[in-house]
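# curious how this folds, go ahead:
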Amino acid sequence: MKKKIIPPKIMELIVTGVTVAVLVSASAAPGAEVPFSNPPEIASANGILSTTLTIKPAQLEVAGEDVTFLALYNGLYTPPVLRVQPGDRIKLLLNNFARLPTNIHYHGFNVTPEGAGDNVFLDIDQGASFQYDFDIPADHPQGLFWYHPHRDPLLNTQIAGGMAGGIIVGDILAPFPTLQGIPERIMLLKDLKTTKDGFPVPNPDPSGPTKRTVNGLFIPTLEMQPDQLEFWRIGNQSSNIFYQLTLRGQPFYIIAVDGNLQNQATKTKTLLLPPGSRLEVLVYGPKNQGEYTLRAHRFSTGPDGDQYPGQDILTVVSKGSPVPPIPIPLPFAFPDLPDLRDGPINEQRTIVFADTPDPDLFTINGKPYNPDCVDTVVMLGNVEEWIIQNTAQEAHVFHIHQLDFQVTEINGERKPFTGYQDVVTLPPATSTGPSVV
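Have a look, this model is predicted:
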């Protein structure tokens, strides 16, 4: 019998960054109504964000269930959002009073990966402290980012156990005077699986039902005035779950992806957020008064991947007097971003993602991850084209630290240029041909 050859999914990306330019390419019980609220915040002052995060156990109620968490930032399921400005300095003291070693990754930041910066190779053991101290470049992208542990191989366990918080850099609405003062809603999405004893499941299987929350709130209620324009900052802080969101047919206008202001507002009725991604959107209060459900639809990552059911995650109530609608900014109001396809390409590389018989292990270019190995060296300032192949019959998420990239093609389909991102989904391979996202 001939062995089936599964055609790989091919994706071309352009990547550019600050240090390297690379063309790679706690909560209410179920049934109880709770009002939506933004997470707590800690803001920088006089150019410095000086704060302390302490990792410690906590017992909290999430979605009507008492959960014993072994490690949370400041004992909170939704820790403070850190609000900083380009050019600020971050001085963050991390105290680890939990049992497992850890560190902090500043996801999406274009900052130094060495020393006391965004250094994912640090080990902060139980009982130890570490002082993070680094500068945010003055030209840093502005928008929604997030922080979470990145201590291999404990990443999934610690994020799934609730260790994740948001970061906001700058004022992404500054180029749009008409949008000043509109309501800002920060929506950080998490999912939780627990054991029969009420502990978070370590390294949980993504398939099957999970308890999904918004800022730790279970299906909170958000009141909007008809035609009121709002700014929603949505971040997927899951370790594995994709969120495919709709609001009963209401349109969203995407203006930023992964903390990168785009070159136009993109209208859509469905938002897809792979793990780690962020979308910042403009949303009007529904014209007709009543209840509207923000729903995370059931999702499959492919024949060999994960399947999980849908869940309502937020209830929007349109009520009160209509307000004069503010127009969505036109493309000329957005930044004129360079399309990296228009410039010279210094080098082209092929990156191959593949599964193995071990469901917890996949390879890149035939090798499993090794933190002590340097696999690729790029020239500072170069622009490279990376062709990403996914030979697995499940979707994988592609993310690069300290860099943003431009997606140019997916399975041969040229993608219109709207801006940069730092997370993208590699679609699953199939036995009948490539799928197009």
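# ok, the closest residue to residue 138 other than its chain neighbours to residue 136 distance?
Distances taken as Cβ to Cβ, 6 or more residues apart in numbering place residue 87 nearest to residue 138, at 4.2 Å, with adjacent residues excluded. Any C-beta I mention is one placed from the backbone N, CA and C, and that applies to glycine too. Note on residue 87: its distance to residue 136, by Cβ to Cβ, to the nearest Å, is 6 Å.
# overlap in contacts, the two.
Listed as contacting both residue 87 and residue 136 by Cβ atoms under 8 Å, 6 or more residues apart in numbering is no residue at all.
# the more surrounded of those two?
A direct count of neighbours by other Cβ atoms under 10 Å for residue 87 and residue 136 places residue 136 higher, at 23 against 14.
# give the buried residues for the helix or strand hosting residue 190.
When elements are defined using DSSP states H and E, residue 190 is found to belong to strand 184-192. Going by neighbour count (16 or more other Cβ atoms under 10 Å), the buried part of strand 184-192 is 185-192.
# what of stretch 382-391?
383-391.
# for that stretch, give the mean pLDDT please.
Stretch 382-391 shows a mean pLDDT of 93.
# over to stretch 294-311?
95.
# flag every buried residue along it.
294-296, 299, 301-302, 305-306, 308, 311.
# okay, the residues you listed in JSON lines with distance to residue 81 next?
Below are those laid out as JSON lines (distance: Cβ to Cβ, whole Å):
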{"residue": "294", "distance to residue 81": "20"}
{"residue": "295", "distance to residue 81": "25"}
{"residue": "296", "distance to residue 81": "21"}
{"residue": "299", "distance to residue 81": "26"}
{"residue": "301", "distance to residue 81": "29"}
{"residue": "302", "distance to residue 81": "33"}
{"residue": "305", "distance to residue 81": "31"}
{"residue": "306", "distance to residue 81": "29"}
{"residue": "308", "distance to residue 81": "27"}
{"residue": "311", "distance to residue 81": "24"}
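# so which of those belong to strands?
When the buried residues of stretch 294-311 are checked against strands (DSSP state E), the matches are 294-296, 299, 308, 311.
# now for those residues, which pair is the farthest apart?
Greatest spatial distance among those (Cβ to Cβ): 294 and 308, at 17.0 Å.
# wait, residue 351 sits on residue 384?
No. Judged on Cβ atoms under 8 Å, residue 351 makes no contact with residue 384 at a distance of 10.9 Å.
# between the buried residues of stretch 382-391, which sits nearest residue 110?
Taking Cβ to Cβ as the measure, residue 110 lies nearest residue 383 of the buried residues of stretch 382-391, at 15.9 Å.
# need phi/psi at the closest one.
Main-chain torsions, residue 383, degrees, to the nearest 10: phi -110, psi 120.
# gap between it and residue 376?
15 Å.
# for stretch 251-265, give me every contacting residue.
108, 141-145, 169, 172, 175, 232, 266-269, 271, 277-284, 328-329, 331, 334-337, 404, 417-423.
# which of these are buried? Put it as a ChimeraX command.
Command for ChimeraX, covering only those of the contacts of stretch 251-265 found buried under the criterion 16+ other Cβ under 10 Å:
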select :108,141,142,143,144,145,169,172,232,266,271,277,278,279,280,281,282,283,284,328,329,334,337,404,417,418,419,420,421,422,423
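# okay, and which of the contacts of stretch 251-265 map to helices?
When the contacts of stretch 251-265 are checked against helices using DSSP state H, none is located there.
# what is the rounded mean pLDDT of stretch 82-96?
Mean predicted confidence for stretch 82-96 is 98.
# start to end distance for that stretch?
19 Å (Cα to Cα, to the nearest Å).
# list the buried ones in that stretch?
Those would be 82-85, 88, 90-92, 94-96, for stretch 82-96 by 16+ other Cβ under 10 Å.
# and if you look at stretch 392-408?
Neighbour-count burial for stretch 392-408 [16+ other Cβ under 10 Å]: 392-408.
# below-threshold pLDDT in the stretch 251-400 of the chain: ranges please.
Along the stretch 251-400 of the chain, the model assigns pLDDT under 70 to no residue.
# need the strands for it, in chain order.
252-257, 260-268, 271-273, 278-284, 290-296, 299-300, 307-308, 311-318, 347-355, 362-364, 384-390, 396-399 (DSSP state E, counting those that start in this stretch).
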